[in-house]
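**Student:** sequence and predicted model, in that order:
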Amino acid sequence: MNQKYESMIIIDPKLPQEEAKAENEKFVEFMKSENGELIETNFMGRRRLAFEIEKKTEGYYFVNYFNFENQKINVIDRYYKLNENIFRHNILRIED
């Protein structure tokens, strides 16, 4: 059964902005290849972190809203963990 999700990712600031956007697009394509459906993407830009993470003080913030099969959401989490350019992420299920 598909559920609606919100996921925020923070991408390494050492990348140029266009490459950061391409990293988010790679995620979107991966999610679609796993039968997910993109609802919306919000690019929030390069922002200062609330606290230092892995010696980084800034990052590119993206918020993706998508429909995905709830039994397979761990596939998305694994994708994030294996991508070295994504250094923080969260996945939240949105209740209708």
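**Tutor:** Received it, and whenever you're ready, just let me know what you need.

**Student:** from here on, just use CA atoms for contacts and neighbour counts.
**Tutor:** Fine.

**Student:** now the strands for the protein?
**Tutor:** Along the chain, counting by DSSP state E, strands occupy 2-11, 37-53, 56-69, 86-94.

**Student:** give the other helices and strands that the third one contacts.
**Tutor:** For strand 56-69, the contact count by 3 or more C-alpha pairs under 8 Å, 6 or more residues apart in numbering; DSSP states H and E identifies strand 2-11, helix 17-33, strand 37-53 as packing neighbours.

**Student:** nearest to Phe66, of these?
**Tutor:** For these, proximity to Phe66 was assessed by C-alpha to C-alpha; strand 37-53 is nearest, at 4.4 Å.

**Student:** angle of the closest one against helix 17-33?
**Tutor:** An angle of 130 degrees separates the directions of strand 37-53 and helix 17-33 when computed by axes from the mean of the first three to the mean of the last three C-alpha atoms, to 10 degrees.

**Student:** buried residues in stretch 28-37?
**Tutor:** Neighbour-count burial for stretch 28-37 flags 28, 31, 36-37 (criterion: 16 or more other C-alpha atoms under 10 Å).

**Student:** still on that earlier bit, winner for burial among the helices and strands packed on strand 56-69?
**Tutor:** Using mean count of other C-alpha atoms under 10 Å, the stretch among the helices and strands packed on strand 56-69 with the greatest mean number of neighbours is strand 2-11 (a mean of 19).

**Student:** so for it, mean pLDDT?
**Tutor:** The average pLDDT within strand 2-11 is 96.
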